[in-house]
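Participant: Kindly return the folded structure for what I paste below:
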Amino acid sequence: MLEPVILFLSFSALGIYQAAPSITTGDAGEFAAAAAVWGVPHAPGYATWTVLARALGTALPFGDWAYRTNMLSALCGAAALALLADALRRLGATRAARVGAAVMLGLSPLWREQSAVVEAFSLLALAGAALVWIVAAAEERLLEPGPAACLGLVFGLGLGAHQTLVLALPALLLAGRGKKGSWVRALAWAGIGTTAGFAMHLAIPLRAMKGPPVDWGHATTPGAMWRLLLRKDYGTFALTVDGAREFGFGEAGRQVLRFISAMMRSLGAPGVLLACVGVLGWRRTSLKGNPWVAGAWVVAAGPAFLLLGRPGFDAQTSGALERFFLLPMIGVAPFIAAGLDLLGTRIPAFAGYTAMIACVSMMPEAFAASRRTDFLEYDYGRAIMRTLPPNGILVMDGGDDTFYGTMFFSNASGLRPDVRLQDRGGVVFPGGYGSDFRALSKDAKAARRYEVEKSWMATGRLYYSTLNESLIPGVHLAPAGLLRRPLPPKAAGFPEGAALRDTLVVRAERDAVAPRYRDRALAAFIPFQRGIEALERGKTDEGVSWFLVAYELAHDALWIVPTESYVLGMYGFRAVERKDWPSAERSYRAIGVLEPGKAEPMTNLGVTLERAGRLAEAEAAMREAIRREPGNARAWSVLGARLWAEEKWAEAAAAFESAASFDASDAKSAAFAAQARYRAAGKK
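Facilitator: Numbers count the residues shown, from 1 in each chain. So this is what the prediction gives:
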């Protein structure tokens, strides 16, 4: 059959053309580094992916290791489409229906995205498509030893791509319903096949024994291996850091709507509409098989997956969640094929034209999903390595893009072998704080960090990657490119060296980073750091302007509002201390923009304007603070003081009374309220 071959070659070519030239944001740097050194990436180890990536990267020695592993994603995505189309043929779908369904999946933005970057989800899609193909090819023989063992083997290998393949189990079990043969024997052979496939995970302890540079969890013992598989050091099976949200009908409805919305974005209105037609009209199509099997696949891998994890709806969680919708798309494909098949029942050409129109409508977004010119993470990582001095020590306080970007350049590219990399959690780059560090209590870890980092600081070669400039008590972390350099308090100020704009080259455009949360969040860090530089040099207006640029670029990034507000608040306080009223005003007004619902920045602005002698504006700012948070006791108290100074006794009394009512412990406001009320009555 030429169809699968043509599909594979066509989408392989498209995937390779759209592939990112090197690492991208997220886990790409770590995965590429793990392939380069044949190491163990983060839990659960991704054994099958790592072995395949290592093999392909060795067989095709051109481009850096990130590009080679990007090619693996392109090839896996294309192979999945080819297998899926042939499976639909075996199920009885017409040529227009099966090719149309496969092409629509391949042109979806999500499929194109995952076929262009270093990730495990294209391989997961290939494993899912292979399972569907085995079910379609076996037909009534599915419970026989050969097909059952083959199904188990692919399932076991697929678990080494991603553990969420377990969500396909309900559909696979349903596929065996009514088939001839013994269930007991079939499950036994499937278990043997699964065990054989899962044995790929033996590569993890075998490689860990060699001590590769990328060695998550050092799983050389059964306990360590079990810990790795269960993700004990890398979150949990929950999809959100804070754990599962409370379950309720409202929550369930939101999660189901989230899934439907994801399918609409991925397949477009035509794709979803065709799938719905296929669901309703399956019995009138030429497709064989039980539609409940495909339905079980979609429901388990989609809505049920969301209901089990109940992930949050913040931008970070939603951005990370998108790639998980690749698996349920495998189950949607038969319904799209059924919809096209039904449309072509009386006029066969109608199905082909419909598929063609649907695919053409998807092309703009398909080509927009290209990562061919994506250099953001590459440039970011190179800038960090360029900033570090000879034999420099980099301590990272969070940030996957920093962890994995530096890991890639150090281990896969051999860049800056003189640099020592360390994360403060002791997980990504273990050993720096002692072999017993992970077993210490929270307070003991903090003490160990301080002790070790103090010795590194004495060398003059220590740099930090952090958003917290108060990370080390008594130590000023001055900006140094994209990093921070520890200086003693008396040396506070901008350290010697080139400014960020002189050392950093980032090839990223606003429109290119806008669709992806991780790209936005990282791209915004660059103007933020430029703002830090400007503030440190005493250029408040310039610093605030850079902060607002960062906010406009990624206002939904979880780090940006609290971090920028804290920094601006600190610089505003310092400006007030030195009576630099314009700088303080600019800082507090900027915080007011970042936090439009908070009273504190407007209260601080009001106090600043009052001290600057701009009394009418000060009162207006204080009233704005109360408008934002009517229950804020401090805002009422500050307004009361201003009205007291104006001898507006009745208004001052009301303001102080409000402050006391919202804070029962505020005895001073209650006392001032009584005095103001007394004076308002004309008594002295």
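Participant: Make sure residue 219 is actually in contact with residue 47.
Facilitator: No - counting by CB atoms under 8 Å, residue 219 stays clear of residue 47, with 10.4 Å between them. Using the backbone N, CA and C atoms, a C-beta is placed for each residue, glycine as well.
Participant: which neighbours do these two share?
Facilitator: Counting by CB atoms under 8 Å, 6 or more residues apart in numbering, the common neighbours of residue 219 and residue 47 are residue 204.
Participant: tally of neighbours for the closest residue to residue 644 other than its chain neighbours?
Facilitator: Excluding the flanking residues, the one nearest residue 644 by CB to CB, 6 or more residues apart in numbering is residue 652, at 4.4 Å. Residues lying near residue 652 (other CB atoms under 10 Å) number 25.
Participant: Residue 652 contacts residue 636, correct?
Facilitator: No - under the criterion of CB under 8 Å, residue 652 is not in contact with residue 636, lying 10.4 Å apart.
Participant: quick check, the residue nearest to residue 644 in a helix?
Facilitator: Yes - assessed with DSSP: H, G, I helix; E, B strand; the rest coil, residue 652 lies in a helix.
Participant: Now do it against residue 607, distance only.
Facilitator: According to CB to CB, to the nearest Å, residue 652 and residue 607 sit 16 Å apart.
Participant: Next up, the contacts around the residue nearest to residue 195 when sequence neighbours are not counted.
Facilitator: What sits nearest to residue 195 in space, not counting adjacent residues and going by CB to CB, 6+ apart, is residue 156, at 6.5 Å. Taking CB under 8 Å, 6+ apart, we find residue 156 in contact with 193-200.
Participant: how about 7 Å then?
Facilitator: Taking CB atoms under 7 Å, 6 or more residues apart in numbering, we find residue 156 in contact with 193-198.
Participant: again, but for residue 442
Facilitator: If you count contacts by CB under 7 Å, 6+ apart, residue 442 has none.
Participant: which residues touch the closest residue to residue 597 other than its chain neighbours?
Facilitator: Computed as CB to CB, 6+ apart, the closest residue to residue 597 that is not its neighbour in sequence is residue 628, at 5.7 Å. When the contact criterion is CB under 7 Å, 6+ apart, the partners of residue 628 are 597-599, 602.
Participant: Leaving out sequence neighbours, find the closest residue to residue 197.
Facilitator: Going by CB to CB, 6+ apart, residue 197 has residue 156 as its nearest residue, at 2.3 Å.
Participant: after the one helix or strand the one you found maps to, next one along is what?
Facilitator: Residue 156 belongs to helix 145-159 when assigned by DSSP states H and E. Moving toward the C-terminus from helix 145-159, the next helix or strand (DSSP H and E) is helix 169-175.
Participant: same question for that following helix, mean pLDDT?
Facilitator: Average pLDDT, helix 169-175: 96.
Participant: related to what we said a few turns ago, and the buried ones among the contacts of residue 628, selectable in PyMOL?
Facilitator: Typed into PyMOL, the next command selects the buried ones out of the contacts of residue 628 (criterion: 16 or more other CB atoms under 10 Å):
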select buried, resi 598+599+602
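Participant: Kindly indicate which of the contacts of residue 628 lies nearest residue 73.
Facilitator: residue 597 (41.6 Å; CB to CB).
Participant: how about the closest one, secondary structure?
Facilitator: Three-state call for residue 597 (three-state DSSP): coil.
Participant: any idea of the pLDDT on it?
Facilitator: pLDDT for residue 597: 94.
Participant: repeat for the one 10 residues further on
Facilitator: Model confidence at residue 607, given as pLDDT, is 96.
Participant: how far away is the residue nearest to residue 587 when sequence neighbours are not counted from residue 627?
Facilitator: Distances taken as CB to CB, 6+ apart place residue 572 nearest to residue 587, at 3.3 Å, with adjacent residues excluded. Relative to residue 627, residue 572 is positioned 21 Å away (CB to CB).
Participant: Would you confirm that the residue nearest to residue 644 contacts residue 642?
Facilitator: No - checked against CB atoms under 7 Å, the pair residue 652 and residue 642 is beyond contact range at 8.3 Å.
Participant: How is this protein partitioned into domains?
Facilitator: Domain assignment for the chain by automatic domain parsing gives 2-233+263-368, 376-502.
Participant: residues in contact with the residue nearest to residue 644?
Facilitator: Each residue near residue 652 by CB under 7 Å, 6+ apart is listed here: 640, 643-644, 676.
Participant: Need the residues you listed in JSON lines (columns: distance to residue 552).
Facilitator: Shown next, in JSON lines, are the contacts of residue 652 (distance: CB to CB, whole Å):
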{"residue": "640", "distance to residue 552": "36"}
{"residue": "643", "distance to residue 552": "37"}
{"residue": "644", "distance to residue 552": "40"}
{"residue": "676", "distance to residue 552": "43"}
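Participant: So which of those belong to helices?
Facilitator: Among those, the ones falling in helices (DSSP state H) are 640, 643-644, 676.
Participant: residues contacting residue 287?
Facilitator: 91-93, 334, 337-338, 341.
Participant: swap in residue 298?
Facilitator: Contacts were defined as CB under 7 Å, 6+ apart; by that measure residue 298 touches 328, 331-332.
Participant: let's see 10 Å
Facilitator: Shown in contact with residue 298 (CB atoms under 10 Å, 6 or more residues apart in numbering): 171, 259, 263, 275, 279, 304, 327-335.
Participant: Residue 520 and residue 660: what is the separation?
Facilitator: Going from residue 520 to residue 660 by CB to CB gives 44 Å.
Participant: Also residue 20?
Facilitator: Distance of residue 20 to residue 660, given as CB to CB: 60 Å.
Participant: Now the helix of greatest length in the chain: buried residues?
Facilitator: Longest helix in the chain by number of residues (criterion: DSSP H): helix 249-281. Using 16+ other CB under 10 Å as the test for burial, helix 249-281 gives 251, 255-256, 258-259, 262-263, 266-268, 270-272, 274-275, 277-279, 281.
Participant: what about residue 149, how many neighbours?
Facilitator: Neighbour count for residue 149, taken as other CB under 10 Å: 20.
Participant: Could you do the one 3 residues further on as well?
Facilitator: Each residue near residue 152 was counted by other CB under 10 Å, and the total is 25.
Participant: now swap in the one 5 residues further on and tell me
Facilitator: Under the neighbour criterion other CB under 10 Å, residue 157 is assigned a count of 25.
Participant: now it: how far from residue 73?
Facilitator: The gap separating residue 157 from residue 73 is 17 Å, by CB to CB.
Participant: Next: residue 144.
Facilitator: Counting by CB to CB - residue 144 and residue 73 are separated by 34 Å.
Participant: more neighbours, those two?
Facilitator: Using other CB under 10 Å, the more surrounded residue of residue 144 and residue 73 is residue 73, with 30 against 18.
Participant: Quick check: what element follows the helix or strand bottoming out on mean pLDDT in the chain along the chain?
Facilitator: Within the chain, confidence by mean pLDDT, DSSP states H and E is lowest for helix 500-503 among all helices and strands, at a mean of 62. Following helix 500-503 in sequence order, the next helix or strand is helix 510-513 (DSSP H and E).
Participant: Quick check: buried residues in that next one?
Facilitator: So, applying 16+ other CB under 10 Å, buried residues of helix 510-513: 512-513.
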